[in-house]
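mind looking at a prediction? Sequence and model below.
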Protein chains: 2
Amino acid sequence: MTDTINTGETRELIASNKVEGTAVYDMGGERLGTVNNFMVDKRSGKAEYAVMQFGGFLGIGADYYPIPWKMLNYSTDRGGYVVDLDKDRLQDAPRYADNDEPDYNAGYGQQVYSYYGVTY
Amino acid sequence: MTDTINTGETRELIASNKVEGTAVYDMGGERLGTVNNFMVDKRSGKAEYAVMQFGGFLGIGADYYPIPWKMLNYSTDRGGYVVDLDKDRLQDAPRYADNDEPDYNAGYGQQVYSYYGVTY
């Protein structure tokens, strides 16, 4: 998708497969990881979580951190997402290993959203 | 993601990369194509279009058809999306070639949604 000159009424859309793999930085510009994928409500089409991938090597041993979608802010300067998070904050954050994906139910959602202080 | 036994309060979520590549069928069970990707409002996280891919061979010469997200209905029986569309209806539908992605602005959105009789 090319960024063209848009009028104010334009909604900014991004392709799902462009979100996946995009780098994530903290506010200070340190690279935290990448967006692995995101979880969408089938019916409403609303993205609930972005799943960030940190650590590991070539995806081996990496952990996955679901974060509320609204925490992502795209920065054209950085060419990636900037989140108000740092490594300390992530140390106790909800996460799972590659082979251990959670059941994304309402209880899990509340746990994740409340960890980051975001209304579910 | 495994389908586990869920309570009524569970929201049904699907991973973005599981949507991509999923087959699309018409109401009669004929395979129309696949979901190539989908377009998401950066800010709200709302999926606006699913982009279906029809025709072509291994993606070469294929055309892309944006359709309103809410037209997709996942069928566990078929293992894919079922849409209330057929090939006749698609003949005049908004589409674009691989190298000619449109500017997804409000005017384009209105055009696509109104073609399918869906409120934008």
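Nice, I can see it. Residues are numbered from 1 along each chain as shown, chains lettered A, B, ... in the order given.

could you pull up phi and psi at A:Asp88?
The phi/psi pair for A:Asp88 (degrees, to the nearest 10) reads phi -60, psi -50.

what packs against the helix of greatest length in chain A?
Criterion DSSP state H: the longest helix present in chain A is helix A:106-115. Using 3 or more Cβ pairs under 8 Å, 6 or more residues apart in numbering or on different chains; DSSP states H and E, the elements in contact with helix A:106-115 are strand A:47-54, strand A:63-68. No exception for glycine: its C-beta is placed from N, CA and C like everyone else's.

pairing partners for the first one, with directions?
The one in question is strand A:47-54. Here strand A:47-54 is paired, per DSSP bridges, with strand A:31-41 (antiparallel), strand A:63-68 (antiparallel).

how about the first one, which residues are buried there?
Neighbour-count burial for strand A:31-41, with 16 or more other Cβ atoms under 10 Å in any protein chain shown as criterion, is recorded at A:Leu32, A:Gly33, A:Thr34, A:Val35, A:Asn36, A:Asn37, A:Phe38, A:Met39, A:Val40, A:Asp41.

so in terms of bridging, what pairs with the last one?
Each beta-bridge partner of A:Asp41 is listed here: B:Leu13, as defined by DSSP bridges.

ok, the residue nearest the centre of chain A - contacts?
Geometric centre of chain A, nearest residue: A:Ala50, 3.1 Å, by Cα atoms, centre = their mean. For A:Ala50, the contact set (Cβ atoms under 8 Å, 6 or more residues apart in numbering or on different chains) comprises A:Val19, A:Val35, A:Phe38, A:Pro66, A:Ile67, A:Pro68, A:Trp69, A:Met71, A:Leu72, A:Tyr81.
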